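Trainee: With the sequence up front, the predicted model follows.
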Amino acid sequence: MFEEQEKILKEEFPQLLDRVWLNSSAFVPHAKSVVKAMHQFINYFHDPTIGEAVDNHFRDVTNDTMDGAAKLFKCKSDDVSLVINTAHGLNFPLLGIDWEKGDNIVTSELEFPTNYYPWKYISRRKQVELREAKINEKLQISEDEIIELIDDKTKLVALSLVQFNTGQRVDPKRITKVAHDHGALVAFDAIQACGATEVYPKEMGADFLSAGGPKYLMGPLGIGLCYISSNVVESMEPPMQGTGNYDFTDGDWMNREKPYHKGAKRFQNGTVPFYCVAGLNASLKLINSIGIETVSKHNHSLIEQLIEGLEELDLQIITPYESSRRGVLVHARVDKSKDLNKIVETMEEKHKVTISTRYDGLRFSVHLYNTEDDIQKGLVALKHTLKEI
């Protein structure tokens, strides 16, 4: 346990004290401070006496959230835009790149649909070649193959930083260097990483990095973060247009010559759900109060224990062993005769242990509220369940 973890568990996650939640890669139960922040915002709107002060409240909550994101990502607040989900951020390169017939996009066969269907769509609409790194015999993707697919006609490399199904993490610096050498942009779907492990998009060389809120960022549905590099901000017109792109801080709504907002905020084309922004602001404060380095170290330590325990149960581990090559989720496969859905159901109903099934196996994931005791309880429950099913 890290310092203050016991206090955080009692104050923020009392609903998890009598159960084991190993399903953060699906979603995270809200911390009490997140729920409180959203309720306060809703109550603020409920009060008919607030008048014009709501604009100041919008600004303050947004600025706090941007500052929290900048601290988490080790970047400037001007490098971050609010998005409503991961796909929203990935649509910036989808719609903002000047696609031409004969261009290509590089991705992989392992991707979640969010990071596949947009590229399939643009491939069909603009006659752009879609190149996919194949799933290999280890049920992983090879970075060497990804790099071999990149050439001077590549306009975009789009990959998950951590794969939702196997937990594999790519080497972002290696990918971005090769892509940039060929003049391509790089977009990362980082929803399975942000908030759980160290993610520093500027250091990675990312052009876009998008992550919805409800998983490891511990925020509500309907809000997320998108890092956009300063090079992109300076060279790409915001592809989705609205009032939000422009600087109306002086309140002159009839001015037709307004400039774009400074930085990545210019990509934020309209009003976002501010109730959700308040919740995300609270969750970022919680993560940053611990420190992402501490959270990451804690999570990776638990995953190592989990992998060891799963191996002792003779499960096949698909997730890479090295911490630098994985996130904080583990994919394990059981005997094919076992009913995966029944395993998940029994773990939940009989043992109060929540996991999920993905990609023909079981997926386990941890976060800052998990303890070593959680891991042991989860492994014991799984052992009993496998004997029963």
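Mentor: Sure thing, it's come through. Numbers count the residues shown, from 1 in each chain.
Trainee: which stretches of the stretch 51-200 of the chain have low pLDDT?
Mentor: Scanning the stretch 51-200 of the chain for pLDDT under 70 picks out 51-53.
Trainee: Pull the contacting residues for residue 102.
Mentor: Residue 102 makes contacts with 127-129, 153, as judged by CB atoms under 8 Å, 6 or more residues apart in numbering. For the C-beta atoms, the positions are set from N, CA and C on the backbone; glycine is no exception.
Trainee: Going by neighbour count, which of the residues you listed are buried?
Mentor: residue 128 (16 or more other CB atoms under 10 Å).
Trainee: Need the contacts of residue 102 in CSV (columns: secondary structure and distance to residue 325).
Mentor: Formatted as CSV, the contacts of residue 102 follow (DSSP: H, G, I helix; E, B strand; the rest coil; distance: CB to CB, whole Å):
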residue, secondary structure, distance to residue 325
127, coil, 35
128, coil, 30
129, strand, 28
153, coil, 29
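Trainee: For residue 10, state which of the contacts of residue 102 is nearest.
Mentor: Ranked by distance to residue 10 (CB to CB), the contacts of residue 102 are led by residue 128 at 52.5 Å.
Trainee: Now the closest one: closest residue in space that isn't a chain neighbour?
Mentor: Spatially, and ignoring its direct neighbours in sequence, residue 128 is nearest to residue 103 (4.7 Å; CB to CB, 6 or more residues apart in numbering).
Trainee: which residue is nearest the centroid of the protein?
Mentor: The centroid of the chain falls nearest to residue 191 when counting by CA atoms, centre = their mean (1.2 Å).
Trainee: hang on, isn't that residue packed against residue 86?
Mentor: Yes: between residue 191 and residue 86 a contact is recorded at 4.8 Å, counting by CB atoms under 8 Å.
Trainee: Now do the shared contacts for these two.
Mentor: If you check residue 191 and residue 86 against CB under 8 Å, 6+ apart, the residues they both contact are 210-212, 224.
Trainee: now, the most widely separated pair of those residues?
Mentor: Greatest spatial distance in these: 210 and 212, 7.7 Å, computed using CB to CB.
Trainee: hmm, back to that, which one of the shared contacts of residue 191 and residue 86 is nearest residue 133?
Mentor: Closest to residue 133, out of all of the shared contacts of residue 191 and residue 86 and judged by CB to CB, is residue 210, at 19.9 Å.
Trainee: dump the residue contacts of residue 227.
Mentor: Neighbouring residues of residue 227 by CB under 8 Å, 6+ apart: 73, 75, 79-80, 201-202, 206, 208-210, 264.
Trainee: average pLDDT across the strand or helix carrying it?
Mentor: Per DSSP states H and E, residue 227 falls inside strand 224-228. Average pLDDT, strand 224-228: 98.
Trainee: got it, and stretch 255-264?
Mentor: 96.
Trainee: What is the distance between that stretch and the centre of its chain?
Mentor: Offset of stretch 255-264 from its chain centre (CA atoms, centre = their mean, to the nearest Å): 29 Å.
Trainee: And for stretch 292-303?
Mentor: 16 Å.
Trainee: Show me what counts as buried in stretch 193-202.
Mentor: By 16+ other CB under 10 Å, the buried positions in stretch 193-202 come out as 193-199, 201.
Trainee: Can you give me the domain boundaries for this structure?
Mentor: Domain assignment for the chain, taken from automatic domain parsing, gives 5-30+291-388, 40-289.
Trainee: average model confidence for the shortest one?
Mentor: Domain 5-30+291-388 shows an average pLDDT of 96 in the prediction.
Trainee: Quickly list what's touching both of residue 210 and residue 212.
Mentor: Contacts common to residue 210 and residue 212, judged by CB under 8 Å, 6+ apart, are 83, 86, 191, 224.
Trainee: and of these, the nearest to residue 348?
Mentor: For the shared contacts of residue 210 and residue 212, the nearest to residue 348 is residue 191 (23.2 Å; CB to CB).
Trainee: Confirm that the closest one sits in a strand.
Mentor: No: counting by DSSP: H, G, I helix; E, B strand; the rest coil, one finds residue 191 to be coil, located in no strand.
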